[in-house]
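> Output the structure for:
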Amino acid sequence: MARAAEIDATNLQTKELNDRLRDLMLSGVKQVNIRNVYGQRYIGTRLYTPEHLKMEIEIFGTPGNDLGAFLYGHKITVHGNAQDGVGNTMDDGEIVVEGRAGDVLGFSMRGGEIYVRDNCGYRTALHMKEYEEKKPVLVVGGCTQDFLGEYMAGGIVIILDLLGQTHKANFIGTGMHGGVIYLRGHVEAYQLGGQVEASPIDEADRAVLERYVSRFVERFPENGKSQEEIMKSQFFRLRPRSKRPYSNLYTY
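All right, here's what the predicted structure looks like:
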């Protein structure tokens, strides 16, 4: 069997498309281009195997909700926009979106990396979490809408505002009790949830940012900004004030 393959998704239903992907992976294919994608959901979801087989998937079109849900070690590149729920409960691997992403990007994400070139929707990084050495990373080139990092329990989120729109999201970090959010540019105190505090970055933060900003620039050279240019900007670090922000609601 060839190590590369193509799928024409025209008129394919979600299950048919995902069945073909899994069959190709099990037959030894390592790279698949999927063309004419138009809203099919759960692409990449059913690709776990006990042998941890890996596949690279390139999507031409607009995948539907829950792209890469429960993704385990594969790489998905979207040449275009993506809908809601990208990386839902993602465990490992990488997702690259050469456009914008919808709501609940990285919902309950627990490992791997997601890079989005442009903006994304509401409740980005909702309930993102980490465990021991497993730490998810989400980098967005534009801005988010409200409730960024809501109930976030772990991981790293970097919002770069490279489109010059400034941060307009409110309720950032509401209920956040773990992890860290880095915002490039200015944010007002009223935009933050009461459970987070903003502070300037230190050298340890800068090392984290340099690593993932470099990876972002490698994936999206069309942005026209170098790592050095981006890192000259002002960044703020958002961390939770408490690991149990609502403990008073449940204890007496």
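
> What residues does the residue lying closest to Gly102 once chain neighbours are set aside make contact with?
Leaving aside its sequence neighbours, Gly102 sits nearest to Asp84 (Cβ to Cβ, 6 or more residues apart in numbering; 3.9 Å). For every residue, glycine as well, the C-beta is placed using N, CA and C. By Cβ atoms under 8 Å, 6 or more residues apart in numbering, Asp84 lies in contact with Asn65, Asp66, Gly102, Asp103, Val104, Leu105, Gly121.

> now those residues in JSON lines, with neighbour count, distance to Phe216 and secondary structure?
Formatted as JSON lines, those follow (neighbours: other Cβ atoms under 10 Å; distance: Cβ to Cβ, whole Å; DSSP: H, G, I helix; E, B strand; the rest coil):
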{"residue": "Asn65", "neighbour count": "19", "distance to Phe216": "24", "secondary structure": "coil"}
{"residue": "Asp66", "neighbour count": "23", "distance to Phe216": "23", "secondary structure": "coil"}
{"residue": "Gly102", "neighbour count": "20", "distance to Phe216": "19", "secondary structure": "coil"}
{"residue": "Asp103", "neighbour count": "19", "distance to Phe216": "21", "secondary structure": "coil"}
{"residue": "Val104", "neighbour count": "24", "distance to Phe216": "21", "secondary structure": "coil"}
{"residue": "Leu105", "neighbour count": "32", "distance to Phe216": "15", "secondary structure": "coil"}
{"residue": "Gly121", "neighbour count": "18", "distance to Phe216": "19", "secondary structure": "coil"}
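
> for the residues you listed, which one is nearest Pro50?
Nearest to Pro50 among the contacts of Asp84: Asp66, at 22.8 Å, using Cβ to Cβ.

> How many residues are close by the nearest residue to the closest one once chain neighbours are set aside?
Nearest non-adjacent residue to Asp66, counting by Cβ to Cβ, 6+ apart: Gly85, 4.3 Å away. Counted with other Cβ atoms under 10 Å, residues neighbouring Gly85 total 23.

> give me phi/psi at Gly85?
The phi/psi pair for Gly85 (degrees, to the nearest 10) reads phi 80, psi 20.

> what's the distance between it and Ala101?
Counting by Cβ to Cβ, to the nearest Å, the separation of Gly85 from Ala101 is 9 Å.

> Surely the residue nearest to Asp66 is in contact with Ser108?
No. Look at Gly85 against Ser108 with Cβ atoms under 8 Å: they stay out of range, at 9.9 Å.

> residue closest to the middle of the protein?
The residue lying closest to the centre of the chain (Cα atoms, centre = their mean) is Ile114, at 3.5 Å.

> Mind listing the residues bridging to that one?
Beta bridges link Ile114 to Ile95, Leu138 when assigned by DSSP bridges.

> Let me see the contact set for it.
Ile114 makes contacts with 86-87, 90, 94-97, 105-106, 136-139, as judged by Cβ under 8 Å, 6+ apart.

> go again using 7 Å as the cut-off
Applying Cβ atoms under 7 Å, 6 or more residues apart in numbering to Ile114 gives the contacts Val86, Gly87, Ile95, Gly106, Leu138.
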